[in-house]
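Student: only the shape, not the letters, is given here:
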């Protein structure tokens, strides 16, 4: 059963990494997948957070403040705990002199970390689900953004589809936990609550 599921995972990986490959993706996906490490990505999110906090009213300030523990929780649990429990090699890792998945189109550095779950997917979907809770009419934008980020991890050759799906599910759980804690706090401290919409 495990082998059957892995064969499906691998087939979808090849489809995303090779069948869908093209000259546009070869330029776009590496830039997208690591844009959180570039000054453009850091600057964009910095400005987004400041705008949310400064101009977003009580709703925006609440969302902005909740993003801080959310991303810390998501990144630390996914990267430092779960990856070390599952210890799944990335498809691009080399074990005993052989790449885990042969004939990969590796477009970025493979990275030393384990594969499951994808921290990129967990963090971006956590962000997307939290923002969707506060700004429901923009849900499709946030989920589309997180989905593109998740797809990019497969496209560049560093994650399996199941890593991304697992990260997305975890992102939803992290967002649910943070929102639930905030809701409980708002019952005890009504000033934290938002007006109904």
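Tutor: On my side now, so go ahead. As the structure is a prediction and not an experimental result, all values here were calculated from the model.
Student: what's around residue 31, how many residues?
Tutor: 15 (other Cβ atoms under 10 Å). For glycine as for every other residue, the C-beta is placed from the backbone atoms N, C-alpha and C.
Student: that one: which element?
Tutor: Element membership for residue 31, per DSSP states H and E: helix 23-33.
Student: what comes up buried for that helix?
Tutor: Burial within helix 23-33, assessed by neighbour count using 16 or more other Cβ atoms under 10 Å, is assigned to 25, 29, 30, 32, 33.
Student: just give me the longest helix of this protein.
Tutor: For the chain, the longest helix by residue count, based on DSSP state H, is helix 161-188.
Student: return the closest of the buried residues of helix 23-33 with respect to residue 72.
Tutor: Proximity of the buried residues of helix 23-33 to residue 72 was ranked by Cβ to Cβ; the top entry is residue 33 with 21.4 Å.
Student: what's the helix holding residue 31 in contact with?
Tutor: 38, 107, 108, 120, 148, 149, 151, 152, 153, 155, 156, 158 (Cβ atoms under 8 Å, 6 or more residues apart in numbering).
Student: quick one on the thing from earlier: could the buried residues of helix 23-33 go into a markdown table alongside distance to residue 43 and pLDDT?
Tutor: Shown next, in a markdown table, are the buried residues of helix 23-33 (distance: Cβ to Cβ, whole Å; pLDDT from 0 to 100):
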| residue | distance to residue 43 | pLDDT |
| --- | --- | --- |
| 25 | 24 | 94 |
| 29 | 21 | 95 |
| 30 | 19 | 94 |
| 32 | 16 | 93 |
| 33 | 18 | 93 |
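Student: any idea how many residues pack against the residue nearest to residue 21 when sequence neighbours are not counted?
Tutor: Spatial nearest neighbour of residue 21, chain neighbours left out: residue 105 (5.8 Å); criterion: Cβ to Cβ, 6 or more residues apart in numbering. By other Cβ under 10 Å, the residues close to residue 105 number 14.
Student: secondary structure class for residue 105?
Tutor: coil (DSSP: H, G, I helix; E, B strand; the rest coil).
Student: so for it, what's the pLDDT?
Tutor: Note for residue 105: predicted pLDDT of 94.
Student: contacts only, for it.
Tutor: Applying Cβ under 8 Å, 6+ apart, the residues contacting residue 105 are 17, 18, 21, 157.
Student: the longest helix of the chain - what's its average pLDDT?
Tutor: 95.
Student: state the helix or strand in which the residue nearest the centre of the chain lies.
Tutor: Residue closest to the average C-alpha location in the chain (Cα atoms, centre = their mean): residue 121, at 2.0 Å. In this assignment (DSSP H and E), residue 121 forms part of helix 119-134.
Student: buried set for stretch 146-166?
Tutor: Going by 16+ other Cβ under 10 Å, stretch 146-166 has these buried residues: 146-147, 149-166.
Student: endpoint to endpoint, it covers what distance?
Tutor: End-to-end distance of stretch 146-166 (Cα to Cα, to the nearest Å): 13 Å.
Student: and for stretch 113-125?
Tutor: From start residue to end residue, stretch 113-125 stretches across 20 Å - Cα to Cα.
Student: may I see the buried residues of it?
Tutor: In stretch 113-125, counting by 16+ other Cβ under 10 Å, buried: 114, 115, 116, 117, 118, 119, 120, 121, 122, 123, 124, 125.
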